[in-house]
Each structure stands twice: as C-alpha cells, then as structure tokens.
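> Kindly generate the corresponding structure for this input.
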Amino acid sequence: MKKGIEALPEWLDNLKKTDKQVVVEGKNDAAALRSLGFKGVIIELTGRALYQVIEEVSDKYKSIIILTDLDREGKKLYSILKSGLLERGVQIDNYFREWLFKNTKLRQIEGLTSYCKP
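Down below sits the predicted model:
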C-alpha cells in the first residue's frame, strides 16, 4: 500500500469493505465516516459509560475497529476500550488506526472529510 495522504483513498476503500464494526468518539466522527461512504455499523461513545459500551460490544461482536482520535482523550479512550474488550475476548483490528496516524498528519477522525472527497 502507498504511504502518506495520497494513499488515503485506498485506506478508505479498505475500511468500506470491512465487515467489522467501528467505534468512534462522537457524532461528528460517525458523520465523517458516513459522508465518505462507510455503510457499516458505527458505535459512538458520546454520552455513554465505557463499561456499557464494552459490555454491548463484547456481547455482539468478535472483532472491531477502534477509531478514536489521537489526542490525549482519544488515546485514553482507546486504551480503556482495548483492554476491556480484549479481556472479554474481542479482537481489536489496529490496522486502520495505526496506518492513519503513522501515514498522515490527521489526528481527529472527523478531519477525514478535509482530506478525502466522497
């Protein structure tokens, strides 16, 4: 796969093709993914206790993608979700998160719309 911002359309296509559910921080993040054509299940964290999200996800899904922001709060949420879900046997697909933050300057999921055109 290419690197950097020019590879973002390929990254987005791969995300659209996945059958895994995506956990995001809030409505703007979910809206950004939807506006770019992602049609899968998006689970928002806003206004919900993390333990409830962990229970809900672990009851329903075997593998998920966590796309929280790469700011202090996003890293904290990612860490809590990842450890809680792993304890309950849910696999975490880190590919999309790691690629995005290693290969672009993007630090907020809602910012995807500034880099990609649907």
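
> Kindly list the longest helix within the chain.
Using DSSP state H, we find that the single longest helix of the chain is helix 72-87.

> then that helix to CSV, C-alphas only?
Coordinates of the C-alpha atoms in helix 72-87 are reproduced here as CSV (Å, rounded to 0.1, in the frame of the first residue of the first chain):
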residue,chain,number,x,y,z
ARG,A,72,-4.9,12.8,24.9
GLU,A,73,-8.5,11.9,25.4
GLY,A,74,-8.7,9.7,22.4
LYS,A,75,-5.6,7.7,23.4
LYS,A,76,-7.1,7.3,26.9
LEU,A,77,-10.4,6.1,25.5
TYR,A,78,-8.6,3.7,23.1
SER,A,79,-6.6,2.2,25.9
ILE,A,80,-9.6,1.6,28.2
LEU,A,81,-11.7,0.2,25.4
LYS,A,82,-8.9,-2.0,24.1
SER,A,83,-8.1,-3.6,27.4
GLY,A,84,-11.7,-4.0,28.4
LEU,A,85,-12.6,-5.7,25.1
LEU,A,86,-9.6,-7.9,25.0
GLU,A,87,-10.4,-9.2,28.5
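
> What are the buried residues along it?
74, 77-78, 81-82, 84-85 (16 or more other CB atoms under 10 Å). Bear in mind the C-beta positions are built from the backbone N, C-alpha and C, glycine included.

> Need the worst-confidence member of these.
Across the buried residues of helix 72-87, the bottom pLDDT score, 93, is held by residue 74.

> surely that one meets residue 24?
No: the criterion here is CB atoms under 8 Å, and residue 74 misses it with residue 24 at 9.8 Å.

> show me the contacts for residue 106.
Neighbouring residues of residue 106 by CB atoms under 8 Å, 6 or more residues apart in numbering: 100, 112, 115.
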